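1. generate coordinates for the sequence data below:
(chains A, B, C and D)
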2 protein chains.
Amino acid sequence: MSGKKVTSLDVARAAGVSQSAVSRVFTKGASVSEAMEKRVREAAERLGYRPNVLARSLITGRSRIVGLVVAYLDNPFFADAVEKLSHALQAEGYHLLIFTVGNSGADLDGVVSELMDYQVDALIAASVDLSGALVARCASAGLPVVLFNRGIDKSGMSAVTSDNRAGGRRVAEFLLAGGHERIAHISGWQGSSTGRDRREGFEAGLRAAGAAPLEVIDGRYSRAEAAEAARAMMDRPDPPDAIFVGNDYMALAVMDVLRFDLGLSVPGDVSVVGFDDIAMSAWPAYDLTTLRQPVRRMIAATVEEVLARIDTPSRRPSRIEIEGPLVVRGSARLPRSGSGGESE
Amino acid sequence: MSGKKVTSLDVARAAGVSQSAVSRVFTKGASVSEAMEKRVREAAERLGYRPNVLARSLITGRSRIVGLVVAYLDNPFFADAVEKLSHALQAEGYHLLIFTVGNSGADLDGVVSELMDYQVDALIAASVDLSGALVARCASAGLPVVLFNRGIDKSGMSAVTSDNRAGGRRVAEFLLAGGHERIAHISGWQGSSTGRDRREGFEAGLRAAGAAPLEVIDGRYSRAEAAEAARAMMDRPDPPDAIFVGNDYMALAVMDVLRFDLGLSVPGDVSVVGFDDIAMSAWPAYDLTTLRQPVRRMIAATVEEVLARIDTPSRRPSRIEIEGPLVVRGSARLPRSGSGGESE
DNA sequence: AGGTGATGTGCAAGCGTATGCAATCACCGC
DNA sequence: GCGGTGATTGCATACGCTTGCACATCACCT
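-> Here you go, the predicted structure:
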């Protein structure tokens, strides 16, 4: 109906005040009288005025846009995380501009450039490993970077993860307590800190009991590769009696292979334990024992860190680890005594 | 390292040319000599200059941002769609600003306002029903709206869906051909066009054979409600021998209830057919027969429509329906003869 | 030689908003 | 009644960029 965009100047004219007055009414802590406020708001309402965020960004230097780089959106863990992240940021008046990147991460460089072109206030990388060069670029541009579900120690960016080492260790203890003797591991991608930490914690846990993994194969966060790894393991003369899988997404594929391809019983023949506790793990068709990543708290921490870094650019990046419980379900043989599992 | 933002003016000075020259080098079809191009690019490279998209948007009136409103991100169908959508738009130089909205859709009004504040070039609503008032708002602001997986006929927005009526009908025919006699339906939310169309097509299909659904319950796209509906149906004195579920996400919940809660066999005791063909439906634990929505083509059509509407604001919104095949797997009893199923 | 395009460049005017500064004003204590 | 104080307001500028316009240049043609 109405012609085109209505600007603060239009409102000013309609209300018989200056453009700056209009601006002040719509800017948080500015000083405006009640009368002015009322007049302007009425005129604005009548004309259907809303401030242009882009123009505002140009001058304030803040866009209220947070860039999100994400790779594995097919893994429900991340879909869930993205949804919660979006919600949380939205509540704070920020919004997510999303950039998907092939799992290769090859074009990551270009993606980060594009991100910066949009003058995003911060960058969240969900399960994506940024190269040192990229981090430097962001740092020199004063762009706060927060890693979600990835952690790199030596760099200048914040990172939020669960305590992956402790988690891996906990799984090892649980499987040992269950009396398993040939415990294998299909790991998360060993190029990722998350994948490595879980493996190391797991191996440390076994070692503490004088044990060692029967075999470790890198599943690279792929269902297909995890399935292949499972087949290879079960093809051994001494197949494992328990497999710890680097995340639930792969663990479900492993269970499918064991049960439907190989006709084995889980946990009768082989125990399976995952990591993440995605929604599907609780479904009765899988009923997967897994180490939960407390997504809610991880997201809260991420958002908090992002906002803090935006408000205080000088703030030092911090490394946040959140512990999650082992969720004991039916996919792994239980320890005899009560020792070893806490239900939630 | 370097201080702060480097602007086109900095580059201009460094290259000894005017600021407009720099701008022209970075603006697609502008006229620049080779020599100029080279000089400017070198200076830009050296200083690490990249155009500020926001400032550009302010003057061109185009942000190259597309707003995405999405509700059910826990349903893998949408997670998948979002990923593909993001990829496709990214390839065209656009990016997604995402807005999640509670399934209630109560705050939809506010969300659309925020969207418009960011001067998005277009709005894609994935499985969200926009009220007439909202559509009017967008139309009067000259904002193209494209519905994904929702279609409303009477309105001024484009819509891309699969052929839900034909799909529903196809399912009915398949179940009838399979010799089922008491066919029930747990529908998608009847407040959504998609849910209604599938139900109507399904009922029409039954009717054409002189049959009628045993019972229809609205599952409202919720796993919990679908599960409850399944229990209620099976509690009848004459329980169904087949259930058509309004989408895969609910269908998996229904299968869980039938098999693990009620100890029934699928398809031995009850056949189950879904709609969407999400990745999990192909997993052996479910092996769900379902009507595939061709996501790839739907996304391609959506992107095409979005770009066309952006380029040609006067263009009339169009309604696009894409047919998908029935994917016959193991969750429903097969017809005797070969008639009735095409494998993919 | 003068005209006629075509081509490349700089100038300057914005795009819609925030904000420092100075001006105005009401009000207060003395 | 006066200087002072604090709260409001308008003016003008700046944010980083695109683009219409005028102008300069140069090749080419009649």
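2. doesn't A:Glu304 lie inside a helix?
-> Yes. Residue state for A:Glu304 (DSSP: H, G, I helix; E, B strand; the rest coil) corresponds to a helix.
3. count the residues that sit near it.
-> If you count neighbours by other Cβ atoms under 10 Å in any protein chain shown, A:Glu304 ends up with 15. To be clear about C-beta, it is placed using only N, CA and C from the backbone, and glycine gets the same treatment.
4. so it versus DNA strand D, what's the distance?
-> Distance of A:Glu304 to DNA strand D, given as Cβ to the nearest atom of the strand, to the nearest Å: 28 Å.
5. can you pull the contacts of that residue?
-> Counting by Cβ atoms under 8 Å, 6 or more residues apart in numbering or on different chains, A:Glu304 makes contact with nothing.
6. pLDDT wise, what is it at?
-> If you check A:Glu304, the pLDDT there is 96.
7. same question for A:Glu342.
-> A:Glu342 is assigned 50 on the pLDDT scale.
8. the one residue in the stretch 101-250 of chain A that gets nearest to DNA strand C: neighbour count?
-> Nearest to DNA strand C, among the residues of the stretch 101-250 of chain A, is A:Gln119, at 13.0 Å (Cβ to the nearest atom of the strand). By other Cβ under 10 Å, 21 other residues sit near A:Gln119.
9. tell me the SS of it?
-> Relying on three-state DSSP, one would call A:Gln119 coil.
10. how far away is it from DNA strand D?
-> For A:Gln119 relative to DNA strand D (Cβ to the nearest atom of the strand), the value is 9 Å.
11. what sits closest to that residue if chain neighbours are left out?
-> Distance criterion Cβ to Cβ, 6 or more residues apart in numbering or on different chains; nearest residue to A:Gln119, sequence neighbours excluded, is A:Ser63 at 4.8 Å.
12. and chain A, which residues reach DNA strand D?
-> With the criterion set to Cβ under 7 Å from any atom of the strand, chain A comes near DNA strand D through A:17-21, A:24, A:31-33, A:35-36, A:55, A:58-59.
13. tabulate these in CSV, adding columns for distance to A:Val266.
-> Output for the residues of chain A next to DNA strand D, formatted as CSV (distance: Cβ to Cβ, whole Å):
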residue, distance to A:Val266
A:Val17, 72
A:Ser18, 72
A:Gln19, 69
A:Ser20, 69
A:Ala21, 69
A:Arg24, 65
A:Ser31, 67
A:Val32, 66
A:Ser33, 71
A:Ala35, 72
A:Met36, 70
A:Ala55, 59
A:Leu58, 58
A:Ile59, 60
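14. from these, which two are the most distant?
-> A:Ala35 and A:Leu58 (30.2 Å; Cβ to Cβ).
15. quick one, which of those two is more surrounded?
-> Using other Cβ under 10 Å as the criterion, A:Ala35 and A:Leu58 rank with A:Leu58 on top: 16 against 8.
16. quick check: mean pLDDT of the helix or strand the more buried one falls within?
-> Assigned by DSSP states H and E, A:Leu58 belongs to helix A:53-60. Helix A:53-60 comes out with an average pLDDT of 94.
17. so is it next to DNA strand C?
-> Yes. Against DNA strand C, helix A:53-60 shows contacts by Cβ under 7 Å from any atom of the strand at A:Ala55, A:Arg56, A:Leu58, A:Ile59, A:Thr60.
18. just the strands from chain A, written as ranges.
-> Along chain A, counting by DSSP state E, strands occupy A:65-70, A:95-100, A:122-126, A:145-148, A:158-162, A:183-187, A:216-218, A:242-245, A:271-276, A:289-292, A:319-322, A:326-327.
19. okay, the ones you listed in CSV with distance to DNA strand C, mean neighbour count and mean pLDDT next?
-> Shown next, in CSV, are those (distance: least, Cβ to the nearest atom of the strand, whole Å; neighbours: other Cβ atoms under 10 Å in any protein chain shown; pLDDT from 0 to 100):
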stretch, distance to DNA strand C, mean neighbour count, mean pLDDT
strand A:65-70, 15, 25, 95
strand A:95-100, 16, 24, 94
strand A:122-126, 19, 25, 93
strand A:145-148, 24, 27, 93
strand A:158-162, 26, 24, 93
strand A:183-187, 49, 28, 97
strand A:216-218, 50, 19, 97
strand A:242-245, 50, 30, 98
strand A:271-276, 41, 29, 98
strand A:289-292, 42, 26, 98
strand A:319-322, 30, 16, 93
strand A:326-327, 47, 20, 97
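20. of those, which is nearest B:Leu68?
-> B:Leu68 sits nearest to strand A:95-100 of all the strands of chain A, at 8.4 Å, using Cβ to Cβ.
21. near DNA strand C, which residues of chain A show up?
-> Counting by Cβ under 7 Å from any atom of the strand, chain A comes close to DNA strand C at A:5, A:7-9, A:19-20, A:23-24, A:26-27, A:30, A:49-52, A:55-56, A:58-60.
22. now, the residues you listed that are in helices?
-> When DSSP state H is applied, the residues of chain A next to DNA strand C are split such that A:Ser8, A:Leu9, A:Gln19, A:Ser20, A:Ser23, A:Arg24, A:Phe26, A:Ala55, A:Arg56, A:Leu58, A:Ile59, A:Thr60 fall in helices.
23. how many residues are close by the fourth one?
-> Same thing as A:Ser20. 12.
24. buried members of the residues of helix A:53-60 next to DNA strand C into PyMOL, please.
-> To isolate the buried ones among the residues of helix A:53-60 next to DNA strand C in PyMOL, judged by 16 or more other Cβ atoms under 10 Å in any protein chain shown, type:
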select buried, chain A and resi 55+56+58
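25. can you list the domains in chain A?
-> Per automatic domain parsing, the structural domains of chain A span A:8-51, A:63-162+A:295-322, A:164-294.
26. just how off-centre is the longest one within its chain?
-> With Cα atoms, centre = their mean, to the nearest Å as the basis, domain A:164-294 stands 21 Å off its chain's centre.
27. and that domain, end to end?
-> End-to-end distance for domain A:164-294: 12 Å, by Cα to Cα, to the nearest Å.
28. what about A:Leu134, neighbour count?
-> 21.
29. quick one, what contacts it?
-> Counting by Cβ under 8 Å, 6+ apart, A:Leu134 has contacts A:Leu108, A:Asp109, A:Val112.
30. how about A:Asp107?
-> Contact analysis of A:Asp107 by Cβ under 8 Å, 6+ apart lists A:Val101.
31. any idea how far it is from B:His95?
-> Distance, A:Asp107 to B:His95, by Cβ to Cβ, to the nearest Å: 14 Å.
32. for the stretch 201-344 of chain A, just list every one of the helices.
-> A:223-234, A:248-256, A:295-311 (DSSP state H, counting those that start in this stretch).
33. so which of these is the most packed in?
-> helix A:248-256 (a mean of 27; mean count of other Cβ atoms under 10 Å in any protein chain shown).
34. low-confidence ranges, the stretch 151-300 of chain A, go.
-> A:153-155 (pLDDT under 70).
35. for DNA strand D, what's its nearest residue on it.
-> Across the stretch 151-300 of chain A, no residue is closer to DNA strand D than A:Gly156, which sits at 23.3 Å (Cβ to the nearest atom of the strand).
36. that residue against A:Arg137, yeah?
-> No. Judged on Cβ atoms under 8 Å, A:Gly156 makes no contact with A:Arg137 at a distance of 11.1 Å.
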